[in-house]
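K.L.:
next come a sequence and a model predicted from it.
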Amino acid sequence: MRGKRLCIFICIILVLSVFSGCQDSNNNAENGNPKEVSSKNEKTFTYAVSDDPGNTLNVLTADDRVSLMMAKLVATPLYSMNADGSLNYYIAENLEPSEDGLTYTCKLKSGITWSDGEPVTADDVVFTYEEFIKEDNGQVLTINGQPIKVKKIDDENVEFKLPAVSASIKENLCTPFIVPKHVFEGKEDVTVSLNDKKIVGTGPYIFDEYKAGEYISFTKNPSYMNGEANIDKIILRIIKDDDTAKLALKNGEIDAWIGLPSKMNGLEKFTVTPYSEGRIAYLRLNRVSDNMKDSEYRKGIFYALDREEILKAAYSSMEYASAGYSFLPKNNSYYTENVEKYEQNIEKSKKLTAEGSRKLSLCYIGTDPAQKAEALVIQAQLKIVGLDVELNGLDQAAYMAAAYDNDNKNYDMYLGGYIMTFDPDGFRPLYGTGQMMNFASEKVDNLFEQGKTELDPKKRAKIYDELQMEVSKEALFYPFGENLRILVTNSEIKGIKEAGLVPIYTFEDMSKLSR
Amino acid sequence: MLKYIFKRLLVAIPLIFVITIICFLLIYIAPYDAVDAMVSPKMSKQEIEAKKEQAGLNDPFYVQYGKWFKNLCHGEWGYSLTSGTNIRQDLKIYIPNTIKLVLPSYFTAFFLSIILGLIAGSNYNKQIDRIIDAISSVGIAMPTFWFALMAMYVFGYHLKIFPLMGMHTIGKEKSLIDFIYHFTMPYVVLTIGFLPELVRYVRSSTISEFKEDYVLIQKSFGSSKTKILLNHVSKNVMLPMVTKLGMALPMLVTGAIITETIFAWPGVGTYYMKAIRTLDYPIVMIILVLSGTLVILGNLLADILYCLIDPRIRITE
């Protein structure tokens, strides 16, 4: 009998041991300081995000949409750049280049303070750029392998010394969000734990609370340089399932959601704002594949395709997409349609592909519904000219590993999409020799090099016209065009135009939203 | 008995060790890694290579595994390769949330299934049995995600009885009523998800038991059907159910992935799935260790409960 009791006791201990981890967090939740921020509150804006950014934030290295959105809420750069090249000044008052284009002097606005009340100074700016260059692995702020040098002139002026002339420097310089030196000096990096509940910044909002898997909330920053925000609280609500997010929007539990073209029915009462992020959707032919050696054969493949039909299949209608012909998006000031367009011509396609392989393989991200639809249409269109296409839908990581491997001969074609910089020089990591698109063209490389160092806008435009033509002539890259991002908001939400819709972050300045 | 438990736990340690080596090896030989999952077209090849080097993904298998195992021995669960977050802190929040949902759902389904299964089995081929069996068959065939969406549409969106998603109203984390309000719909969906298979299991066990000689003997002694069912058959049916209960223990970690995703329940399921998709091995490995431990504990628990319930079974040391 005693043995039996002992065994029962052990069983209970075993069961309890399973749940032991649960205790701490339960207590933590109870000891927290919850704030009344009901999503029905009039001064709250709840935006659905599909991913949990995790319990840390580094505003200098953030690279996913949610983390970047958070960074944009709590921090500001010196300035930001619009698609037309104009600047929105935040911490900077102006940016003046020297005559030789090798020095840029930035004057800071006076009287700006961090959310903890400390003044923003040139020391913070220098500290930020030094940290950024350290963490950037020599990418954005490096010219010809040499990093840009940042020097404090006085408390309100900072000087950027370039190792060589760079036409894209204005855009590159505004990449980092400025971080407070007095908080991070002496620390390993500028990563903050969201569980510590404190982020010092200059953004329109101050980080408030992170609940893993649930939400991230922010309250307005009273000392924001562009004036206090209209909405008191911003909540980024983590909802991974699109159907749930759509129902939550219709039910009034959230105020904004990024809609999918296939799920736009029943949203008549909401404000639907499609906008361009400059995202190019494309088909790329694998230069090193045995089937793709002949450029005439490659052109034949392109002539078999109808880009509008592909876009319609992927994005439901042309309301959410627009056909394009260049590797640059249409809103880019250097965009030209004076390129090889490869408009559909079945007879020409049959003739050009007659001598080549009859079987091709197409690789794409299998979990992306748009790419799946594109793949099916391409398969059907190439069938018309007598080419059989094997579809290979891979996981994101497997796709990236295959697409970035320039020696991979397993696939003849890849589907893809990208959002790059406003300056065309930012496309070099795609089209330069040995880079992602697997081009190997000396002429393309040279034109990128010339474009980077040419400061005269007219001459520069001519270079990029030639470059766009050259890229299309290679017959390795076939752009379908741009797909639009669809912001769906509760009709009570106002000020979307004033807040500005931008790539990745969604809003340029959320303080301008109102309800 | 104590010696037996101790022995079983000792055997479990090398077993978990072997499981971790196999899993780590499978992740290692995949033709891509966690950094590939984070790659964006803006990254240059040099940047990607630098990130891989920094994450130690270019190291040979034994170095990577050795580092991970050493950290585990020191109680370090590590950091996510993709988001850089502290895994221990994440799991401290996610696992209890999943348990809060799975445990009540499974126990409800477990007890309901015993009742329904016994009723159906004892009325084999009668109308009540056919109804329960048909409903169970429909339940097994019905995808959880579809049922969840339907429930959400009807009770959350259309009738507005329950909130659509989440575990709490933001700012009302302390309120038990608010929790129950959010909990009801995923709880019912998950219970209905667990129920059909268990009902059919109990039903088939009951049918088998009713064919046993002891039932015939009881009948010949004049015992009523209810008495046979409650006093004899149910006890024998409970035996394999104990095993089921033990084997269900790992579900406390990964038992509600779909329900969690649909109802935006902040549990470990979606966290784990994302880690698998992105080959974020520190997360995958630690959850594997936890669920592996639960499998072993579950088995042990089932064995001990077997001994306690069935006096015919004795552990020989």
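P.N.:
Everything's here; your move.

K.L.:
up against chain A, what does the stretch 1-150 of chain B have?
P.N.:
Contacts of the stretch 1-150 of chain B with chain A, taken as C-beta under 8 Å from any C-beta of the partner chain, map to B:1-2, B:5, B:30-34, B:36-48, B:50-51, B:80, B:83-86, B:89-97, B:99, B:149. Heads up, the C-betas are built off the backbone N, CA and C, glycines and all.

K.L.:
gap between the residue in chain B that chain A sits nearest to and B:K174?
P.N.:
For chain B and chain A, the shortest gap (C-beta to the nearest C-beta) falls at B:P266, measuring 2.8 Å. Taking C-beta to C-beta, to the nearest Å as the measure, B:P266 falls 16 Å from B:K174.

K.L.:
buried stuff in stretch B:222-241?
P.N.:
When burial is assessed from 16 or more other C-beta atoms under 10 Å in any protein chain shown, stretch B:222-241 yields the following buried residues: B:I228, B:L229, B:H232, B:V233, B:S234, B:N236, B:V237, B:M238, B:L239, B:P240, B:M241.

K.L.:
same check on stretch B:109-117?
P.N.:
Across stretch B:109-117, burial judged by 16+ other C-beta under 10 Å covers B:A109, B:F110, B:L112, B:S113, B:I114, B:L116, B:G117.

K.L.:
over to stretch A:279-287?
P.N.:
Using 16+ other C-beta under 10 Å as the test for burial, stretch A:279-287 gives A:R279, A:I280, A:A281, A:Y282, A:L283, A:R284, A:L285, A:N286, A:R287.

K.L.:
stretch A:254-266 too?
P.N.:
Across stretch A:254-266, burial judged by 16+ other C-beta under 10 Å covers A:I254, A:D255, A:A256, A:W257, A:I258, A:G259, A:L260, A:P261, A:K263, A:M264.

K.L.:
repeat that for stretch A:501-515.
P.N.:
So, applying 16+ other C-beta under 10 Å, buried residues of stretch A:501-515: A:501-503, A:505-507, A:509-515.

K.L.:
ok, which pair from those residues is furthest apart?
P.N.:
Comparing all pairs in the buried residues of stretch A:501-515 by C-beta to C-beta, the longest separation belongs to A:P503 and A:R515, at 24.3 Å.

K.L.:
just send the buried residues of stretch B:109-117 back as a markdown table, with secondary structure too.
P.N.:
Converted to a markdown table, the buried residues of stretch B:109-117 look like this (DSSP: H, G, I helix; E, B strand; the rest coil):
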| residue | secondary structure |
| --- | --- |
| B:A109 | helix |
| B:F110 | helix |
| B:L112 | helix |
| B:S113 | helix |
| B:I114 | helix |
| B:L116 | helix |
| B:G117 | helix |
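
K.L.:
now do the helices in the stretch 51-200 of chain B.
P.N.:
In the stretch 51-200 of chain B, the helices defined using DSSP state H, counting those that start in this stretch lie at B:61-73, B:87-122, B:127-141, B:144-151, B:176-210.

K.L.:
count of neighbours near residue 127?
P.N.:
As the question left the chain open, I've gone with chain A. When neighbours are counted by other C-beta atoms under 10 Å in any protein chain shown, A:F127 registers 22.

K.L.:
try again with chain B
P.N.:
8.

K.L.:
dump the buried residues of stretch A:501-515 to a markdown table, plus pLDDT and distance to chain B.
P.N.:
Below are the buried residues of stretch A:501-515 laid out as a markdown table (pLDDT from 0 to 100; distance: C-beta to the nearest C-beta, whole Å):
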| residue | pLDDT | distance to chain B |
| --- | --- | --- |
| A:L501 | 95 | 20 |
| A:V502 | 94 | 15 |
| A:P503 | 93 | 11 |
| A:Y505 | 95 | 14 |
| A:T506 | 95 | 17 |
| A:F507 | 96 | 20 |
| A:D509 | 96 | 23 |
| A:M510 | 96 | 18 |
| A:S511 | 96 | 21 |
| A:K512 | 96 | 23 |
| A:L513 | 95 | 18 |
| A:S514 | 94 | 21 |
| A:R515 | 87 | 17 |
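
K.L.:
could you identify the helix or strand that succeeds the helix or strand bottoming out on mean pLDDT in chain A?
P.N.:
Least confident helix or strand, chain A: helix A:22-31 with a mean of 37, by mean pLDDT, DSSP states H and E. Counting by DSSP states H and E, the next helix or strand C-terminal to helix A:22-31 is strand A:44-49.

K.L.:
and the gap between B:V233 and A:N438?
P.N.:
Taking C-beta to C-beta, one finds B:V233 at 70 Å from A:N438.

K.L.:
with B:M241 instead?
P.N.:
Distance, B:M241 to A:N438, by C-beta to C-beta: 59 Å.

K.L.:
coming back round to it: with pLDDT added, can I get the buried residues of stretch B:109-117 in JSON lines?
P.N.:
Below are those laid out as JSON lines (pLDDT from 0 to 100):
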{"residue": "B:A109", "pLDDT": "95"}
{"residue": "B:F110", "pLDDT": "94"}
{"residue": "B:L112", "pLDDT": "95"}
{"residue": "B:S113", "pLDDT": "95"}
{"residue": "B:I114", "pLDDT": "94"}
{"residue": "B:L116", "pLDDT": "95"}
{"residue": "B:G117", "pLDDT": "94"}
